[in-house]
Structures are given as C-alpha cells and as structure tokens.
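Q: Fold the stuff below for me.
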Amino acid sequence: MKKHVVLIKAKNPDKFNYCKFGNYKNAQGKNVELIDINSQKVSGYEMFQAVVSLDINMDYHKRVYEFLKDHPLINGNFVIEDLRDNEEKSAESAIKGAEAITTASSLSDNEMNDLSILMGLDPNLDSMMLKARLIQYANSNPDKFLSLLNDMDKEHRVFLKKALEKGVLSKPNGVWKHGTLNVGLTDDQAIVWLKDNADVYALLKHQLRTGKIEKVEEKVEEIPVVSEVIEPSSISSSTIKELEKDIENK
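A: Numbering: from 1, shown residues only. Below is the predicted model:
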C-alpha cells in the first residue's frame, strides 16, 4: 500500500526540545485517550523531535494522528502537513495549468481581445505578443484565467468596460449610469439591467461600434376615441320641440 505521510511540525523548531501530549477532552467533552502499539491505554504521546513523520495507512500511526490532530497543544504551536494532500493539490494545479495554457494557445483574435480587456492587458498589442501575455497569465493564474474564460456573463462584462471607456455608459462615484438613469451599483447589477433591457442593450452596442447615438422609439398605445352620445333622457322638452320644427322645415 502506498504511504500516506503526515508531518507534525513544531512552529519554532530551533526552540523545540520536548513535548508531552497528554490525554484530553475534545470540544464535545469526550475523553480522548491514546492506545499504543500493544493496544494498551497510555497517558499520552511524547514528542522528542521538532518534526514527526506518520504514515497514517499504518494502524498505530493513524491512532497517533487521530489523537494529535485536535489536541489543545497543537493549535498555535504545531503544524500538521499532509504530504499526500499536498501532492494531490500540486498535481491538480499542474493539470489545470496545462489546460489553461492549451486553451490560451488556441484562442481566436476576438477571444484574446475580450480576455485581455477583462485581465487588464492592452488589447492593442499585436496578436503574437497578446497571445504570449495570455499564455503567461494562464500559466501563473490558471484558476483565474479559466474562471474569466468560462464566465457566462463574459460578453456583458467586456461591454461594460468598453462602454465606460468610450463614454457610452458612465460610472460616477462607482454607480453605473445610462444618461441620468441609474443602471446598477455593481457590475453584476448593471449586467442584470442590460439583460432586462435587451432593446436598449442592442442600441448601446450599436453606438459603441459606430459612434452613432440611436434613440429608442417610444411605443405609443392607440386609445380609441369614443364619441359622446347624448342620451334622450338628458334633453329638455323645449329642445326637443325646436329639433322637431327644424325637421319639419326641412
């Protein structure tokens, strides 16, 4: 079986001489007692070196580790380092880094321009230099690179940065505005507003591309005109007689 090594390390190894970890009560009030290699209860664990290596795939070493990991003396005085966990994290990081670099190498020019804007790089660099910068970024920050690349709102985030630069939107005192209209206090709120106002968003994108300001046509609801009808009951008798004379004269 492959070893699973855990190190118990004194924080100040130069000053370390000896430490006795006695039996104790855990946070739940339960007695925690060490059982030695002969399955006998002992008074605790003695540490004579600044660093102790435990293979927790071995039964006794696992018991020592379980005894020490929540011990009151550990906190602030010792560090527990799981070497397998570190190896797995290192391997995972290497795989993710390779994925990020491979992806960065295959981006189109438009994708590179968009990502460069989100990363704060100069999108006006020539294609080869920009790709080199993105690969360098992907190598040093694979998690951040992949997060930006796979962001569902990437298009809107790029638009916000371009719109702010070109004056299509403004951000006085950190508040996104379209003219005098408050769009959002944060980027995420502004993105929600753009999604909820798709017609305005389309016009703003057109303005960003062409520099021409298009007005949003207001839809005027047609209200049918109802002519006033005079009810007979509301007409006086003298008025009726006059109307009858006019009809007879005709």
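
Q: For the rest of this, base every contact and every neighbour count on C-alpha atoms.
A: Noted.

Q: now for the helix ranked longest in the chain, which elements pack on it?
A: Ranked by residue count and defined by DSSP state H, the top helix of the chain is helix 83-105. Secondary-structure packing of helix 83-105 (3 or more CA pairs under 8 Å, 6 or more residues apart in numbering; DSSP states H and E): strand 5-10, helix 127-140, helix 142-149.

Q: And for V42, the neighbour number?
A: Neighbour count of V42, defined by other CA atoms under 10 Å: 12.

Q: Can you report phi and psi for it?
A: The phi and psi torsions at V42 (degrees, to the nearest 10) take the values phi -120, psi 170.

Q: Would you mind confirming that it makes contact with G22?
A: No - V42 is beyond contact range of G22, at 9.0 Å (criterion: CA atoms under 8 Å).

Q: buried set for stretch 37-55?
A: Across stretch 37-55, burial judged by 16 or more other CA atoms under 10 Å covers 44-45, 50-51, 54-55.

Q: got it, and stretch 178-188?
A: For stretch 178-188, burial by neighbour count (16+ other CA under 10 Å) applies to 178, 183-184, 187.

Q: still on that earlier bit, and the buried residues of stretch 37-55, which two are furthest apart?
A: G44 and D55 (18.7 Å; CA to CA).

Q: one step back: can you list contacts of the longest helix of the chain?
A: With contact meaning CA atoms under 8 Å, 6 or more residues apart in numbering, helix 83-105 is reached by 4-7, 131, 134-136, 138-143, 145-146.

Q: buried set for it?
A: Buried, per 16+ other CA under 10 Å, within helix 83-105: 96-97, 99-101, 103-104.

Q: could you check the angle helix 142-149 makes with it?
A: 40 degrees (axes from the mean of the first three to the mean of the last three CA atoms, to 10 degrees).

Q: Could you export helix 83-105 as PDB, CA atoms only?
A: Taking Å, rounded to 0.1, in the frame of the first residue of the first chain, the C-alpha atoms of helix 83-105 are listed here in PDB:
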ATOM      1  CA  LEU A  83       2.100  15.300   2.100                       C
ATOM      2  CA  ARG A  84      -0.400  13.300   0.000                       C
ATOM      3  CA  ASP A  85      -2.900  16.200   0.100                       C
ATOM      4  CA  ASN A  86      -0.100  18.500  -1.000                       C
ATOM      5  CA  GLU A  87       0.900  16.100  -3.800                       C
ATOM      6  CA  GLU A  88      -2.700  15.800  -5.000                       C
ATOM      7  CA  LYS A  89      -3.200  19.600  -4.900                       C
ATOM      8  CA  SER A  90       0.100  20.000  -6.800                       C
ATOM      9  CA  ALA A  91      -0.900  17.500  -9.400                       C
ATOM     10  CA  GLU A  92      -4.400  19.100  -9.700                       C
ATOM     11  CA  SER A  93      -2.800  22.500 -10.100                       C
ATOM     12  CA  ALA A  94      -0.400  21.200 -12.800                       C
ATOM     13  CA  ILE A  95      -3.300  19.700 -14.700                       C
ATOM     14  CA  LYS A  96      -5.300  22.800 -14.500                       C
ATOM     15  CA  GLY A  97      -2.300  24.900 -15.500                       C
ATOM     16  CA  ALA A  98      -1.700  22.700 -18.600                       C
ATOM     17  CA  GLU A  99      -5.400  23.000 -19.500                       C
ATOM     18  CA  ALA A 100      -5.300  26.800 -19.200                       C
ATOM     19  CA  ILE A 101      -2.100  27.100 -21.300                       C
ATOM     20  CA  THR A 102      -3.500  24.800 -24.000                       C
ATOM     21  CA  THR A 103      -6.700  26.900 -24.100                       C
ATOM     22  CA  ALA A 104      -4.900  30.200 -24.200                       C
ATOM     23  CA  SER A 105      -2.900  28.900 -27.200                       C
END
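
Q: Phi and psi next, for E33.
A: In terms of degrees, to the nearest 10, the main-chain angles of E33 are phi -130, psi 140.
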